[in-house]
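Peer 1: I'll drop the sequence and a predicted model, then ask my questions.
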There are 2 protein chains.
Amino acid sequence: MAVMTRWLDPDEQRTWRAFLTASRALMDTLDRELQRDAGMPHAYYEILVRLSEAPDRRLRMSELADATGSSRSRLSHAAARLEAAGWIRREDCPTDRRGQLAVLTDAGFATLAAAAPGHVAGVRRHLFDALSPAQVDQLRRISETLADHLTGSRPN
Amino acid sequence: MAVMTRWLDPDEQRTWRAFLTASRALMDTLDRELQRDAGMPHAYYEILVRLSEAPDRRLRMSELADATGSSRSRLSHAAARLEAAGWIRREDCPTDRRGQLAVLTDAGFATLAAAAPGHVAGVRRHLFDALSPAQVDQLRRISETLADHLTGSRPN
DNA sequence: CGCCTGTCGTTGAACGCTCAACCAAAACGC
DNA sequence: GCGTTTTGGTTGAGCGTTCAACGACAGGCG
């Protein structure tokens, strides 16, 4: 094939590196805060959030995996940890004998409720406070476009 | 204290979740591509890139850590792996006996040169191709603002 | 000089994620 | 119905990151 590579031009280069720096710094900061204040990584927090929003606070493992954008394996390992911590419990799915339901326990809900205010404050402080309303809007459109682009077409 | 939490309004909520989904999907995709095509995670690729751009292809460990936005510990572990792979080598710093220099080997440079076109194509395909020029500009400004905000003030 | 503090980098344990392999049950095909 | 394929979920090994602790050296400061 030997197709000539089209490199990033200086603007793209700058954009790409700034994005890398910013998103990594943001996620690292929030992750550390959550670990310090709630004793869990951000990924686990998200799992609890999704469960708390679901009817009866329960969700099929695969739906939960999709909702949190994680692989089934990752979710399975995470669920094991969350169950050991007493924050969720597993139930057999009544309609599909292969299936499992993850259920948020009261202890899990309480932990989440305790962690949420601090985390929201962090998101606000580290993200929204730094941006103008117009930028927030731009970021939303950009992110939604990218999310569609990346998950819509799965060329891999 | 008992200060009332200011929750995210629906727009902020939407923005935050879209950002999480998009940035995670983007980084996961690029990471998988790089692992598949070059046998290294994105973080290691970045280390090699920074070294390749440095004078004499060598950098102090701590400068390299700053440049890649990683902790010293992380870089130290990474350097051990990269050295085992033959892509970098360590040298004692001549001016500071505590210091170490990471040096990109010829093999490391060759590996990087082989991996770069595919990776750049991935960045283009998954990020820039999906956005308008105006959006790229917006993303650059947003990212630079956030990077400043996060690394400038280190409240933690 | 001699102490004292800060910086440079490494180490090992604990943890989370990925990948491939796997079992069980469902859905499909004839 | 019976074999085949697909889907749901788990498992274990290997890898990368974090965190805390550490040893070694540098840079003040008296």
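Peer 2: Right, received. Where do you want to start? Numbers count the residues shown, from 1 in each chain, chains lettered A, B, ... in the order given.
Peer 1: End to end on stretch A:32-44, go ahead and measure it.
Peer 2: One end of stretch A:32-44 sits 13 Å from the other (CA to CA, to the nearest Å).
Peer 1: Which positions in that stretch come out as buried?
Peer 2: The neighbour-count check on stretch A:32-44 (16 or more other CB atoms under 10 Å in any protein chain shown) flags A:33-34, A:38, A:40-44 as buried. For glycine as for every other residue, the C-beta is placed from the backbone atoms N, C-alpha and C.
Peer 1: ok, now stretch A:140-150?
Peer 2: Within stretch A:140-150, the residues scored as buried using 16+ other CB under 10 Å are A:140, A:142-147, A:149-150.
Peer 1: Do that stretch and DNA strand C come into contact?
Peer 2: No - for stretch A:140-150, no contact with DNA strand C is found by CB under 7 Å from any atom of the strand; the gap never falls below 13.9 Å.
Peer 1: quick check, residue A:8 in a helix?
Peer 2: No - under DSSP: H, G, I helix; E, B strand; the rest coil, residue A:8 sits outside any helix and is assigned coil.
Peer 1: Chain B next: which of the buried residues of stretch A:140-150 are close?
Peer 2: The overlap between the buried residues of stretch A:140-150 and the neighbourhood of chain B (criterion: CB under 8 Å from any CB of the partner chain) consists of A:140, A:142-147, A:149-150.
Peer 1: Tell me the one of those nearest residue B:134?
Peer 2: For residue B:134, the nearest member of these is residue A:142. The distance, counting by CB to CB, is 10.1 Å.
Peer 1: Which stretches in chain A count as strands?
Peer 2: For chain A, the strands defined by DSSP state E occupy A:58-60, A:88-92, A:100-104.
Peer 1: Need the winner for burial among these.
Peer 2: Ranked by average neighbour count under the criterion mean count of other CB atoms under 10 Å in any protein chain shown, those are headed by strand A:100-104 at a mean of 21.
Peer 1: Pull up the pairing partners for it, direction included.
Peer 2: strand A:58-60 (antiparallel), strand A:88-92 (antiparallel) (DSSP bridges).
Peer 1: Quickly check: the longest one near DNA strand C or not.
Peer 2: In this case it means strand A:88-92. No - using CB under 7 Å from any atom of the strand as the criterion, no contacts between strand A:88-92 and DNA strand C are found, and the smallest distance is 9.9 Å.
Peer 1: What are the phi and psi values at the closest residue to residue A:24 other than its chain neighbours?
Peer 2: Using CB to CB, 6 or more residues apart in numbering or on different chains and skipping residues adjacent in sequence, the residue nearest residue A:24 is residue B:69, 5.5 Å away. Phi and psi for residue B:69, reported as degrees, to the nearest 10, are phi 60, psi 40.
Peer 1: so residue B:69 makes contact with residue A:23?
Peer 2: No - the pair residue B:69 / residue A:23 is not scored as a contact, 10.3 Å apart, by CB atoms under 8 Å.
Peer 1: re earlier: need the strands of chain A in CSV with distance to DNA strand D and mean pLDDT, can you?
Peer 2: Below are the strands of chain A laid out as CSV (distance: least, CB to the nearest atom of the strand, whole Å; pLDDT from 0 to 100):
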stretch, distance to DNA strand D, mean pLDDT
strand A:58-60, 4, 98
strand A:88-92, 6, 98
strand A:100-104, 4, 98
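Peer 1: Throw these into a markdown table and include distance to residue B:55, thanks.
Peer 2: Putting those into a markdown table (distance: least, CB to CB, whole Å) gives the following:
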| stretch | distance to residue B:55 |
| --- | --- |
| strand A:58-60 | 54 |
| strand A:88-92 | 53 |
| strand A:100-104 | 53 |
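Peer 1: In a markdown table, list the strands paired with strand A:100-104 along with distance to residue B:85.
Peer 2: Supplementary listing: the strands paired with strand A:100-104 in a markdown table, determined by distance: least, CB to CB, whole Å:
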| stretch | distance to residue B:85 |
| --- | --- |
| strand A:58-60 | 41 |
| strand A:88-92 | 39 |
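Peer 1: Nearest to residue B:125, out of the ones you listed?
Peer 2: Each of the strands paired with strand A:100-104 was scored for nearness to residue B:125 using CB to CB, and the closest is strand A:58-60 (32.2 Å).
Peer 1: Comparing residue B:69 and residue A:23, which residue is more hemmed in?
Peer 2: Higher neighbour count among residue B:69 and residue A:23: residue A:23, with 21 against 18, using other CB atoms under 10 Å in any protein chain shown.
Peer 1: That one against residue B:23, yeah?
Peer 2: Yes - the pair residue A:23 / residue B:23 is scored as a contact, 4.8 Å apart, by CB under 8 Å.
Peer 1: re the thing from before, which of the buried residues of stretch A:140-150 fall within helices?
Peer 2: Among the buried residues of stretch A:140-150, the members falling in helices (DSSP state H) are A:140, A:142-147, A:149-150.
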